Structures are given as structure tokens and as C-alpha cells.
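**Q** next come a sequence and a model predicted from it.
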Amino acid sequence: MEHKSMNPKVDAYLAQGCMRCKLGGTPNCKVHKWEEELKRLRAILLDCGLTEELKWSQPCYTYQKRNVVMMSAFKEFCSLNFMKGSLLKDTYGVLVKPGENTQVGRQIRFTNVGDIIKMEPILKEYIHEAIEVEKLGERPKIRKNPEPMPEEFHKKLHEMPDLKTAFEALTPGRQRAYILYFSAPKQSKTRESRIEKCMQRILEGKGLND
């Protein structure tokens, strides 16, 4: 299904994968598992008049340069990710939190293209509502990391500017999930071990549970 607003970078994403891990560009990339579903979602998003871009290695759909919704592929499902999903009415009860500590973002998850086809009118309703949220300039209330950052992680961010930049680029919910995870152990060595194991995920722009 051709659309004049298709972005070549998203064409490459669908053909090669997101390239955020070693499976990118291989038949085992998660993007290929949901290729048909992602193409259908893409057509729906473009029909809603959004601008198609590629951000954080994933298709991102914007209204007047403001991020509205992203499209993602995971092992068990693919999804639409509404950046300010907590402000949507969720009339049909289809929105879910991506993670336990997520404050603002919400997902609609899919496991087959048939569901997407059936839900197309509902999806367009949600997308247009998300666009209205941007038009009105609505802002969700966000708790900014109420948990203190563990000293071990603070030190690591100071030592590695790239890690600091990558961490600050994560959504508030993903940042909070990492902080809670790093802070949980009582012993400093265990906290350091957790930080070391998660550094590459942070550098790749991934959340703790992505």
C-alpha cells in the first residue's frame, strides 16, 4: 500500500529491522516477525495525517514536530505507543502500561493483523484524540524520579558522558525503572553489578523490560 507521505527511513526499518541489536539485518529480527502487522499500522497512521519519521531507531509519527505515537516490534507482540497515552479517554479499554513504573506512555498491543483490521476505526479514533491532545498543548503530570539515584550509578554517569546522554534520552518511566532496579540491593557490589549488566541496554536506548 503506497502512500505519498512514506519516509524511506521507515522503509529501511521494515526491510532490515531496527538495527538496535545484533539481530538487526537478519531474518531473526523482531521486526520481520510482525512485518505484515507493522505495515498495516503504518498505513493507518499515515491516513491520519501524521508525519512519518524515524527516532530512537523506530518509526515515530509526529504532529507539527511533536511526537504523538510510535510503532514498535517486540518478541510477543507489536504495538502502537502513545506518547501521552495517560491523557487519552481509553473509551474501549485497550490501552496498557508498557511497564509497572510507566507514568505517561500507553500501548495498544497486537498479535495478528486480523485484529488490526477489525480495530482500524477504533485505532483512528485514538490517534485523532492523541493529535487533539497535542493541538491543545495538554501536558501530563509527571513525578520526576522521586527515588534518589544510587551513588554508584551517579558516579558511572559522571564517568561516561555517552551513558549519561543515553539515560537522559529515555522516557521518565524507563529512567525510574532502572533507578528502582539499581537501588534495590543492599550491598554496593550488587548495585554495581546490576549497573554493569544494564549499561549496554541503556546505550541502545532500551528500557529495563524492553
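**A** Ah, there it is.

**Q** what's across from V96 in the sheet?
**A** Beta-bridge partners of V96, counted by DSSP bridges, are Q107.

**Q** next, count neighbours for it.
**A** As a burial measure, V96 scores 14 neighbours (other C-beta atoms under 10 Å). No exception for glycine: its C-beta is placed from N, CA and C like everyone else's.

**Q** got the contact list for it?
**A** Contacts for V96 (C-beta atoms under 8 Å, 6 or more residues apart in numbering) come out as R106, Q107, I108, R109.

**Q** the third one and F77 touch, don't they?
**A** The reference is to I108. No: assessed by C-beta atoms under 8 Å, I108 is found out of contact with F77, at 9.7 Å.

**Q** so the two - more neighbours on which side?
**A** Between I108 and F77, counted using other C-beta under 10 Å, the more crowded position is I108 (24 against 17).

**Q** just the pLDDT for that one.
**A** Turning to I108, the model gives it a pLDDT of 97.

**Q** list the helices and strands the host helix or strand of K118 packs on?
**A** Per DSSP states H and E: K118 is located in helix 113-135. Packed against helix 113-135 by the contact rule (3 or more C-beta pairs under 8 Å, 6 or more residues apart in numbering; DSSP states H and E) you find helix 35-47, strand 58-63, strand 66-73, strand 78-82, strand 106-110.

**Q** which one of those is the most hemmed in?
**A** strand 78-82 (a mean of 24; mean count of other C-beta atoms under 10 Å).

**Q** so that strand versus strand 106-110, what angle?
**A** On the basis of axes from the mean of the first three to the mean of the last three C-alpha atoms, to 10 degrees, strand 78-82 is oriented at 160 degrees to strand 106-110.
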